[in-house]
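In: Give me a 3D structure for the following:
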Amino acid sequence: MPERDISGNKGTFGRVFIRAGSPGMAGAALLCGEACYRSGTGLVYISSPEENRIIIQTALPEAVYRTDTENSETINTADAALVGPGLSTGGQAVSELITLLRELEIPLVLDADAINIISSDEDAAWFLEKYPAAVIMTPHPAEMGRLLHMTSKEVKEDLIGNAVIAAKRYNAIVVLKDASTVITDGEFTAVSCCGSDGAATGGSGDVLSGIIAGLLGQGADAYTAACAGVYAHDMAGAVAASRLGRRYMLARDIIGALGEVLV
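Out: Coordinates of the predicted model:
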């Protein structure tokens with residue numbers, strides 16, 4: 001984990017820009033934003049449609065709310081970015097993602113709909129391969145299947161091998177989420193086997209991407225942020241399951257258990 005400076009301030013502990021959510025999908029932005037903060041990030045910016053403003057600012061007043069992604073120069077002053085949770089795959093989302101891939105120069109986490117766009121849009125895939133900073137992608141098997149043009153069943157038949165292929169093809173660190181999550185940069189590979197089926201619930205992936213982005217923003221290198229983020233997420237999920245029960249817990253309970261995992 002990144003070390004804490006006892007004389008630090010919110011700037012010391014990193015700034016993370018998040019582009020997440022679409023109308024009716026404010027929850028994705030909230031979950032990854034709070035997880036980012038709870039991982040130790042000093043300041044979190046959330047860009048989401050105007051329809052989500054009241055929900056986000058009420059539930060997470062600590063976040064700096066934005067409605068646009070136009071000023072890439074300002075975004076580049078952040079220490080890391082996260083794009084994709086609840087984003088949608090419509091035309092505006094595609095153009096936004098391409099703009100961000102073309103103009104950003106900071107470490108980047110791509111999750112959910114950002115991955116779906118890349119799997120179907122050649123321009124987005126091209127800009128991803130040319131991205132000038134570290135990229136972490138966090139697909140589940142179905143999203144990985146779209147990236148590699150195979151079924152999720154075929155992906156699960158060789159999680160490690162397919163994750164390595166995707167990492168090399170897209171020049172990214174890949175976090176392939178499953179009961180045993182694979183993290184690889186195409187050369188080095190780690191596997192986390194300590195997850196709980198209680199984390200198999202909507203929003204769990206948003207929490208994971210927020211934790212990883214938070215660690216990136218605090219200065220961890222990308223591979224370390226991916227591995228530590230997965231492990232922290234898995235352990236917090238196990239704590240929440242033991243406390244609440246595997247059937248009962250929600251994704252936000254993983255965030256609630258992070259305090260017992262992150263030191």
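
In: Against Leu110, how distant is the residue nearest the centre of the chain?
Out: What sits nearest the mean C-alpha location of the chain, by CA atoms, centre = their mean, is Ser209, with 2.1 Å. In this view, Ser209 and Leu110 are 8 Å apart by CB to CB, to the nearest Å. C-beta: built from backbone N, CA, C; applies to glycine.

In: Check the contact lists of the two and give me the overlap.
Out: When contacts are counted by CB atoms under 8 Å, 6 or more residues apart in numbering, Ser209 and Leu110 are jointly contacted by 84, 138.

In: Pull up the gap between the nearest residue to the residue nearest to the centre of the chain once chain neighbours are set aside and Ile117, please.
Out: Beyond its immediate neighbours in the sequence, the residue positioned closest to Ser209 (CB to CB, 6 or more residues apart in numbering) is Asp111, lying 4.0 Å away. With distances taken as CB to CB, Asp111 is found 11 Å from Ile117.

In: do the same with Ser88
Out: When CB to CB is applied, the distance between Ser88 and Ile117 equals 9 Å.

In: next one: Met137
Out: Computed as CB to CB, the Met137 to Ile117 distance reads 12 Å.

In: thinking again about what came up before, so which strand or helix has the residue nearest to the centre of the chain?
Out: Taking DSSP states H and E as the criterion, Ser209 maps to helix 204-217.

In: Lowest mean pLDDT among the helices and strands of the chain, which one is it?
Out: helix 72-75 (a mean of 84; mean pLDDT, DSSP states H and E).

In: C-alpha coordinates for the helix or strand just after it, CSV please?
Out: If you walk from helix 72-75 toward the C-terminus, the next helix or strand you reach (DSSP H and E) is strand 80-83. Extracted C-alpha coordinates of strand 80-83, given in CSV (Å, rounded to 0.1, in the frame of the first residue of the first chain):
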residue,chain,number,x,y,z
ALA,A,80,-5.2,9.1,-12.2
ALA,A,81,-8.5,8.6,-13.9
LEU,A,82,-11.3,6.0,-14.0
VAL,A,83,-13.7,5.7,-16.9
